[in-house]
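[1] let me see the structure of the following:
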Amino acid sequence: MDPRKLQRGLDWKRQLAIFNPEEFETKSVAIIGLGNIGSQTAIALARLGINHMELWDFDKVELHNLSSQAFDTNHLGVLKADAISEQIKAINPGLAWVAMPKKFEPKFTFSNILIIAVDSMKERKAIFKKMIDCGIEFPELIIDARMGGSQMEVYSCSSYDEWQETFCDKPSDDPCGARYICYTSMVIGAFIANQIKRFLKSEPIKKEIIFNINTYQII
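    Numbers count the residues shown, from 1 in each chain. All right, here's what the predicted structure looks like:
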């Protein structure tokens, strides 16, 4: 293949009947948290052709992350934001992205879509409060994704009130990352990519998806 063509982006001819990324070149997505959900979502969006991404995470890649997150042994000890940047550059050098290896600061994001992929309800509420306190206008869409064991939850919100209604006061007591497995992480990343594709194309989206991969049931 001509390397000059690769620099301009991937060849999407086999997906154009489903999604043409060139129609949405100005749209940007911020992913907050690059663990099980966020890392797999970033890879899916890079392949989908989302042109602009902000990648937020202050953690480093550890050995236990490799079983379910989108990293390999070359990334051990590397900041997750930098490691995912390296991954998506290898997939599609034509993308534009910003690695943000620190805690999320709403005043620095200009993305149309925010994906909340942090590990705890406490962190979600802290991000919510930061955005309210900073007077940040609600983006076009917030997707808040959660998972544990065989169950995944994806909430697509169009207002602060709608997002806040998805919060729970008594979340699971399971330790962070105690019940993660690779195929659940991969499936939820695919669900989120599909929601974004549907939203950008003005297709109907489900506001709430709760899916158990063991029973194949939408709950």
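
[2] show me where the protein has its helices.
    Shown for the chain, the helices assigned by DSSP state H span residues 3-7, 36-48, 80-91, 121-133, 160-164, 182-200.

[3] touching the third one from outside, list them.
    Helix 80-91 is contacted by residues 10, 34-35, 38-39, 42-43, 46-47, 53, 55-61, 70-71, 75, 78, 95, 97, 99-101 when judged by C-beta atoms under 8 Å, 6 or more residues apart in numbering. Just so you know, the C-beta spots here come from the backbone N, C-alpha and C atoms, and that holds for glycine as well.

[4] let's see that with 7 Å instead.
    The contact list for helix 80-91, computed with C-beta atoms under 7 Å, 6 or more residues apart in numbering, reads 34, 39, 42-43, 46-47, 55-57, 59-61, 70-71, 75, 95, 97, 99-101.

[5] related to what we said a few turns ago, want to throw the helices of the chain into CSV with distance to M147 and mean neighbour count?
    CSV is the format used below for the helices of the chain (distance: least, C-beta to C-beta, whole Å; neighbours: other C-beta atoms under 10 Å):
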stretch, distance to M147, mean neighbour count
helix 3-7, 33, 10
helix 36-48, 6, 25
helix 80-91, 17, 20
helix 121-133, 13, 15
helix 160-164, 18, 15
helix 182-200, 5, 20
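
[6] these: which one's closest to P21?
    Proximity to P21, assessed across these by C-beta to C-beta, is greatest for helix 36-48 (6.7 Å).

[7] what helices or strands is the closest one leaning on?
    Contacts defined by 3 or more C-beta pairs under 7 Å, 6 or more residues apart in numbering; DSSP states H and E place helix 36-48 against strand 28-32, strand 52-56, helix 80-91, strand 141-148, helix 182-200.
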